[in-house]
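Asks: Return a 3D structure for these sequence lines:
(chains A, B and C)
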Amino acid sequence: MEIQTESFSIESHSRFEILSVTPEVEATIEDLGVTDGLVYVSTPHTSAALSTNEYEEKLLDDMIDKFKEIAPPDEGYYHDLDHITAGEQPNAHAHLISAMIKRPVLLVLRDGDLDLGTWEEVMFFELCGPRERTITTTILQ
Amino acid sequence: MEIQTESFSIESHSRFEILSVTPEVEATIEDLGVTDGLVYVSTPHTSAALSTNEYEEKLLDDMIDKFKEIAPPDEGYYHDLDHITAGEQPNAHAHLISAMIKRPVLLVLRDGDLDLGTWEEVMFFELCGPRERTITTTILQ
Amino acid sequence: MEIQTESFSIESHSRFEILSVTPEVEATIEDLGVTDGLVYVSTPHTSAALSTNEYEEKLLDDMIDKFKEIAPPDEGYYHDLDHITAGEQPNAHAHLISAMIKRPVLLVLRDGDLDLGTWEEVMFFELCGPRERTITTTILQ
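Replies: This is a model prediction of the structure:
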């Protein structure tokens, strides 16, 4: 088995933001010159998440609303006490939401095509931005 | 590394329904004639989910109740506005629940046996049925 | 592709408990003598979970609080009726929380190093303890 890895950075612009990274993943695959294999897309951040879903503008708003409802950012979490004292942005909510939605993205690559569903995109969930974030594409063949 | 893929269809019969697809996955593996490898079970749908859990009838009811409580189908989501105008079934709740529960199912196959836990089954979660849905089994060896 | 598997046991000490198993996973990798490959960490239990996140003591308390809030242990689930009659500990909440947070943990191993993020640990979530639990490390190379 051969393993190839390449990372790219993205920039989020607000505290909560959902970005499609399908183009960047496809560009990485093209860059690595691979046409067949198993593609694993991941992010090492614990206050953000990666997943797949339908990338529809209004649905993104619904998602952010729902995640904030489930784990409101300003709920006085124990983890945030030190952050707040230090004048930093609290981020416990981001870890909690990540615990619920983050998952490894696995896609089968065949003849240069990823087996994404009709409405499916690889999506990065910024839960504690704005920041620069890293996403890694690993190809097994 | 060799990658083999085979898909099957299932039919859901109501809006919310949880189906065990362990028999279909096992039949696919037998069909492909593979006895050792890594098995990846996936579904391309973004308003449904795949996971593993205990397939116990009453627990399925508890799961559906809980998912509906977390993301009620008729909460007036932005994503549903156009669907409702067009006379279609709203499905934002299905995308939201999928974002929370969907995960890639990975199983190790050894001497023809899948390493499922004692109570563990591969389960398909219909969140927006009834429909015909596709599930794909990918085997790496 | 070569697949190697090794399991280890951990002991949880209370009903809800989050344990870092990064040291055990790293020890398994060293034990198997592998320096490069894809590492898949899993648990077969359906009333527990495995994931990655920041292992910070106060955040662990926040997580347990949040999971209990989302699926309270004593909510009178259908699944628990038989358990309670039999004098056993109810566990529907554990299956529900597992459905929401469990995910396969996949890590790339390069020159003996796992690609965990700065704050990222492999974490076992006991949702129905105390118990002895099994965790399996599978390495593909």
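
Asks: From chain B, how far out is the residue lying farthest from the centre of chain A?
Replies: What lies farthest from the middle of chain A is residue A:85; by CA atoms, centre = their mean that is 28.6 Å. The gap separating residue A:85 from chain B is 32 Å, by CB to the nearest CB, to the nearest Å. To be clear about C-beta, it is placed using only N, CA and C from the backbone, and glycine gets the same treatment.

Asks: From residue B:71, how far out is whatever residue of chain A ends up closest to chain C?
Replies: Proximity to chain C, evaluated over chain A using CB to the nearest CB, is greatest for residue A:44 at 2.8 Å. According to CB to CB, to the nearest Å, residue A:44 stands 28 Å off from residue B:71.

Asks: residue boundaries of the helices in chain A?
Replies: For chain A, applying DSSP state H gives helices covering A:22-32, A:57-70, A:80-85, A:92-101.

Asks: got the buried residues for the third one?
Replies: This points to helix A:80-85. When neighbours are counted by 16 or more other CB atoms under 10 Å in any protein chain shown, the buried residues of helix A:80-85 are found to be residue A:80.

Asks: Comparing residue A:44 and residue B:71, which residue is more hemmed in?
Replies: Legend: neighbour count by other CB atoms under 10 Å in any protein chain shown for residue A:44 and residue B:71, higher for residue B:71 (23 against 18).

Asks: Could you report the separation of the closest residue to that one other than its chain neighbours from residue B:49?
Replies: Distance criterion CB to CB, 6 or more residues apart in numbering or on different chains; nearest residue to residue B:71, sequence neighbours excluded, is residue B:96 at 4.1 Å. From residue B:96 over to residue B:49 the distance is 11 Å, taken as CB to CB.

Asks: who's more crowded, these two?
Replies: Per other CB under 10 Å, whichever of residue B:96 and residue B:49 has more neighbours is residue B:96, with 29 against 23.

Asks: what's next to the lowest-mean-pLDDT helix or strand in chain A, contact-wise?
Replies: When each helix and strand of chain A is scored by mean pLDDT, DSSP states H and E, helix A:80-85 comes last, with a mean of 81. Helix A:80-85 has contacts (CB atoms under 8 Å, 6 or more residues apart in numbering or on different chains) with A:89, A:90, A:91, A:92, C:58.

Asks: Highest neighbour count among those?
Replies: Among the contacts of helix A:80-85, residue A:92 has the most neighbours (other CB under 10 Å), with 28 neighbours.

Asks: And for it, nearest residue in space, chain neighbours not counted?
Replies: Spatial nearest neighbour of residue A:92, chain neighbours left out: residue A:77 (3.4 Å); criterion: CB to CB, 6+ apart.

Asks: Verify the contact between that neighbour and residue A:90 for me.
Replies: Yes - counting by CB atoms under 8 Å, residue A:77 does reach residue A:90; the two are 7.0 Å apart.

Asks: you'd agree the residue of chain A closest to chain C is up against residue A:134?
Replies: Yes - counting by CB under 8 Å, residue A:44 touches residue A:134, with 6.4 Å between them.

Asks: and chain A, which residues reach chain B?
Replies: A:1-2, A:36-38, A:51-54, A:56, A:58-59, A:61-63, A:66, A:70, A:100-101, A:103-106, A:108, A:110, A:115-120, A:140-141 (CB under 8 Å from any CB of the partner chain).

Asks: give me that answer again for 7 Å
Replies: Counting by CB under 7 Å from any CB of the partner chain, chain A comes close to chain B at A:1, A:38, A:51, A:53-54, A:56, A:58-59, A:61-63, A:66, A:100-101, A:103-104, A:106, A:108, A:115-117, A:119-120, A:140-141.

Asks: Name only those of these that count as buried.
Replies: Taking 16+ other CB under 10 Å as the criterion, what is buried in the residues of chain A next to chain B is A:1, A:38, A:51, A:53-54, A:56, A:59, A:61-63, A:66, A:100-101, A:103-104, A:106, A:108, A:115-117, A:119-120, A:140-141.

Asks: still on that earlier bit, from the contacts of helix A:80-85, pick the one nearest residue A:124.
Replies: Residue A:124 has its nearest neighbour among those in residue A:91, at 16.3 Å by CB to CB.

Asks: Next, the closest one: phi, psi?
Replies: Note on residue A:91: backbone dihedrals following degrees, to the nearest 10 are phi -140, psi 10.

Asks: Run through the residues that contact it.
Replies: Residue A:91 is in contact with A:47, A:83, A:128, counting by CB atoms under 7 Å, 6 or more residues apart in numbering or on different chains.

Asks: For those, could you give me a markdown table that also reports distance to residue C:31?
Replies: Shown next, in a markdown table, are the contacts of residue A:91 (distance: CB to CB, whole Å):
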| residue | distance to residue C:31 |
| --- | --- |
| A:47 | 32 |
| A:83 | 38 |
| A:128 | 36 |
